[in-house]
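Peer 1: Structure, please.
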Amino acid sequence: MNNKPVFDYPLFAMGFRAFFALAGLSALALIALWNAMSNGALHIDNYYPATYWHAHEMLLGYSTAVIAGFLLTAVKNWTGRQTVTPDQLASLSFLWIYGRVMPFYSELLPDQLIAAVDFAFLPALTYFVTKPLIITGNLRNLVFTALLLLMMLGNGLIHAELLGFSEAGALAGFNLVVALIVMMILVIAGRVFPFFTERGLSGVICIRNPGLDAVAIATGLAVFLGMMLGVSGIWLGMAAIAAIVLNLMRVSGWYNPRIWYVPLLWVLYIGYGWLILGFVLVALAAFSIVAPALALHAFTVGGIGILTLGMMARVALGHTGRALKASNVMAIAFVLINLAALFRVVFPAILPVWYSSFVMVSTYSWLAAFSLFAFYYLPILTQPRIDGEPG
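Peer 2: The predicted structure is shown next:
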């Protein structure tokens, strides 16, 4: 009996390979399409309204691809058990792709089918992530199962409105998904930042404080819960200030000035800084000093965008047997993705009259950053490990 996988290619050897490749390509395609659509240069019939499509695809398309690649790889390391076979990974990848493509066939396909295919990805991912955790008794990491289940709820709320089952569920769904992705990043940061820093800087020992980690994450959660429940004014402002202070304290225990000589480290710390800036802007918005949308894009373009790019760059090198050193190409990409955030968040706050021009520069900076990622990492992700090891 021949048990050789049908998809016996390096791209499907581990979860990070397929899904980081899909994430990098989708970061280009989704933003290029959104730029054309928002400028009126392109009109495509879509299951989603235009702004919903942009938000959904960046959160539940691009971001979930990065999350899938990270978790399918990390759970294998945590448990010592395979999360997916090559054929299962290929099937999961195609399911993700169908979820991106089918909304453009809304005139040919039933809305219910489009929604079902998109919705099916997170349950399938949750199954493959959770099974080895339960089998090995690795209950500590079931927190990621809980976060994925809640992301399913957020996606369900979005589709419920689009299918006419509710009148105003989509906004709650989007807010919930943003909050969950940021919470997932905060949890993962406590696991990997100290480890990556100690690996990248010889002789450095980071201060780990589980109690401070828990409180810092809890204050971030309180901010997002407050926003979702419509809390504003002083109560939201005070929660945001607490999140700022405690997350700065948390990061200070890991920080070492030598990170600025290591692009794979400084990109992660700057990405975390954008999340803290997001809490700063929430506090300012709570007192009607800035627009709430600035905080949203600090969390998304800044925090999520920069941290996911940095994590993909680091994880892909380590798991393909390469030296943990960013190339000049990727160092430039890290600068460009930060410019995208600056022009999307900070400069519009200072000079709102130039908003459209700043958004254009942000868009092209994002596209340039991910073009460099795709150029440099697609060969890495699609070729065997250079040390001959499996994976």
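Peer 1: Please make it C-alpha for all contacts and neighbour counts, starting now.
Peer 2: Will do.
Peer 1: what's around G40, how many residues?
Peer 2: G40 is flanked by 9 other residues according to other C-alpha atoms under 10 Å.
Peer 1: excluding its backbone neighbours, what's nearest the residue positioned nearest the centre of the chain?
Peer 2: By C-alpha atoms, centre = their mean, the chain has its centre lying nearest to S63, at 3.7 Å. Nearest non-adjacent residue to S63, counting by C-alpha to C-alpha, 6 or more residues apart in numbering: A23, 7.4 Å away.
Peer 1: show me the contacts for that neighbour.
Peer 2: Counting by C-alpha atoms under 8 Å, 6 or more residues apart in numbering, A23 makes contact with G61, Y62, S63, A65, V66.
Peer 1: Tell me the pLDDT of it.
Peer 2: A23 is assigned a pLDDT of 97 by the prediction.
Peer 1: Only C-alpha atoms, please: export the helix or strand harbouring it in CSV.
Peer 2: A23 belongs to helix 15-38 when assigned by DSSP states H and E. The C-alpha trace of helix 15-38 is given here as CSV (Å, rounded to 0.1, in the frame of the first residue of the first chain):
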residue,chain,number,x,y,z
GLY,A,15,2.0,24.7,8.5
PHE,A,16,4.1,27.8,8.5
ARG,A,17,5.2,27.1,4.9
ALA,A,18,1.9,27.1,3.2
PHE,A,19,0.2,29.7,5.3
PHE,A,20,3.0,32.2,5.5
ALA,A,21,3.2,32.0,1.7
LEU,A,22,-0.6,32.6,1.5
ALA,A,23,-0.4,35.4,4.0
GLY,A,24,2.4,37.2,2.1
LEU,A,25,0.6,37.0,-1.2
SER,A,26,-2.8,37.9,0.2
ALA,A,27,-1.2,41.0,1.9
LEU,A,28,-0.3,42.2,-1.5
ALA,A,29,-3.5,41.1,-3.4
LEU,A,30,-6.0,42.3,-0.8
ILE,A,31,-4.5,45.8,-0.3
ALA,A,32,-3.9,46.3,-4.1
LEU,A,33,-7.6,45.4,-4.8
TRP,A,34,-8.8,47.5,-1.9
ASN,A,35,-6.8,50.5,-3.2
ALA,A,36,-8.3,50.1,-6.6
MET,A,37,-11.8,49.7,-5.2
SER,A,38,-11.6,52.6,-2.8
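Peer 1: So N46 sits against L108, correct?
Peer 2: No: counting by C-alpha atoms under 8 Å, N46 does not reach L108; the two are 10.8 Å apart.
Peer 1: who has more neighbours, the two?
Peer 2: Taking other C-alpha under 10 Å, N46 and L108 do not tie; N46 has more neighbours (15 against 9).
Peer 1: May I have the secondary structure class of the more buried one?
Peer 2: Under the three-state scheme (DSSP: H, G, I helix; E, B strand; the rest coil), N46 adopts coil.
Peer 1: Can you pull the phi/psi pair for it?
Peer 2: Per-residue torsions, N46: phi -150, psi 140 (degrees, to the nearest 10).
Peer 1: go on, F165?
Peer 2: When read as degrees, to the nearest 10, the backbone of F165 gives phi -80, psi -20.
Peer 1: swap in I276?
Peer 2: Dihedral angles for I276 - degrees, to the nearest 10 - are phi -60, psi -40.
Peer 1: tell me, how many neighbours does it end up with?
Peer 2: Neighbour count for I276, taken as other C-alpha under 10 Å: 25.
Peer 1: Touching, it and A242? I think so.
Peer 2: No: between I276 and A242 no contact is recorded; they are 10.7 Å apart, counting by C-alpha under 8 Å.
Peer 1: low pLDDT regions in the protein?
Peer 2: 1-2 (pLDDT under 70).
Peer 1: Which residues belonging to the longest helix along it are considered buried?
Peer 2: Assignment by DSSP state H gives helix 170-200 as the longest helix of the chain. Within helix 170-200, the residues scored as buried using 16 or more other C-alpha atoms under 10 Å are 170, 173-187, 189-190, 193-194, 196-198, 200.
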